[in-house]
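*Asks:* next come a sequence and a model predicted from it.
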Amino acid sequence: MIDLDLLYEKKQIFGFFAKQFSYPDKMTFHPSVLEGSLNPSDPSYKDVKEYWDKMHTYSLDEIQEMYTYTLDFQKDATLFMTYVKYGDSRERGQTLARLKVLYEMLGLVMPDSELSDSLPLMCEFIYAAEWKGDPRAQQSFSMLLAVLEDGSYHLMKALEKYESPYHSLVKGMREEFKACIRREVPAND
C-alpha cells in the first residue's frame, strides 16, 4: 500500500525528477535546482548527488548529445515506461488510456503530442496533482507507481549497461518509490 501522505511530502523531489528526465537546457543543472529539491536525509540523495556531480563534468552540448543518444535512440533505454514490456501491443494501449484517465481525473490536461507513460510527464503529474482527500487516490496511485516501478527497472538496467550518468538518477527515483510503500505489519494472532 502506498503512503499517499509521504508521497505528497515528496512532490518537490518528483518535480526535480521531471525536470532532469526532460530534454536538458541551461537551467536543468543550475545549483538552485538541486538545493531546492532534495535534502541529505532523502533516500535518493546519495544517488542523485552522484548523478549531479557526474553531469557537471560535461558541457551542456555533451549532455544534450548524451540524452538524445541514450534516451531517444536506444530502444531499451526509453523514457516510455510501458514500451519495453509491451511494445506497441494492445495491453500498452490500454495502460496508456488508464494513465490518461487518471491524469484527467486529478486535473492534469495531457498535451495531445505526449504519451501518458512518458517518465517526465509521470513525475510532473506526481509533482503537480492534488490528490489529498480524493477517495480514488490510493487505487490510482497504486497503478501509477506499478507502471513507474516496472518501467524504471528496465530503464535502470539499460542505463547501467550503457554506463550512463542517468543510471544514478533512476536509481535514486526508485529509492523514493520504495520509501513511499507502507509495509504491512502482520497482526498478532
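*Replies:* All right, it came through fine. Residues are numbered from 1 along each chain as shown.
*Asks:* hmm, residue 1 is touching residue 138, no?
*Replies:* Yes - contact criterion C-beta atoms under 8 Å: residue 1 and residue 138 qualify, at 7.2 Å. Bear in mind the C-beta positions are built from the backbone N, C-alpha and C, glycine included.
*Asks:* for this protein, what's the longest helix?
*Replies:* helix 137-161 (DSSP state H).
*Asks:* for the record, mean pLDDT for it?
*Replies:* Averaged across helix 137-161, the pLDDT comes to 95.
*Asks:* check which helices and strands that helix sits against.
*Replies:* On a contact count with 3 or more C-beta pairs under 8 Å, 6 or more residues apart in numbering; DSSP states H and E, helix 137-161 meets helix 4-9, helix 83-86, helix 90-105, helix 119-128, helix 166-179.
*Asks:* what's residue 54 in contact with, if anything?
*Replies:* Contacts for residue 54 (C-beta atoms under 8 Å, 6 or more residues apart in numbering) come out as 165, 168.
*Asks:* now with 6 Å?
*Replies:* Residues near residue 54 by C-beta atoms under 6 Å, 6 or more residues apart in numbering: residue 165.
*Asks:* identify each buried residue in the helix or strand harbouring it, please.
*Replies:* Residue 54 belongs to helix 45-55 when assigned by DSSP states H and E. Going by neighbour count (16 or more other C-beta atoms under 10 Å), the buried part of helix 45-55 is 45, 47, 48, 49, 50, 51, 52, 55.
*Asks:* and what of stretch 113-133?
*Replies:* Quick answer for stretch 113-133 (16+ other C-beta under 10 Å): 115-127, 129, 131.
*Asks:* what sits against residue 14?
*Replies:* 123, 126, 127.
*Asks:* mind running it again at 8 Å?
*Replies:* Going by C-beta under 8 Å, 6+ apart, residue 14 touches 123, 124, 126, 127, 176.
*Asks:* how close does the second one sit to residue 103?
*Replies:* Right, the one you point to is residue 124. Going from residue 124 to residue 103 by C-beta to C-beta, to the nearest Å gives 10 Å.
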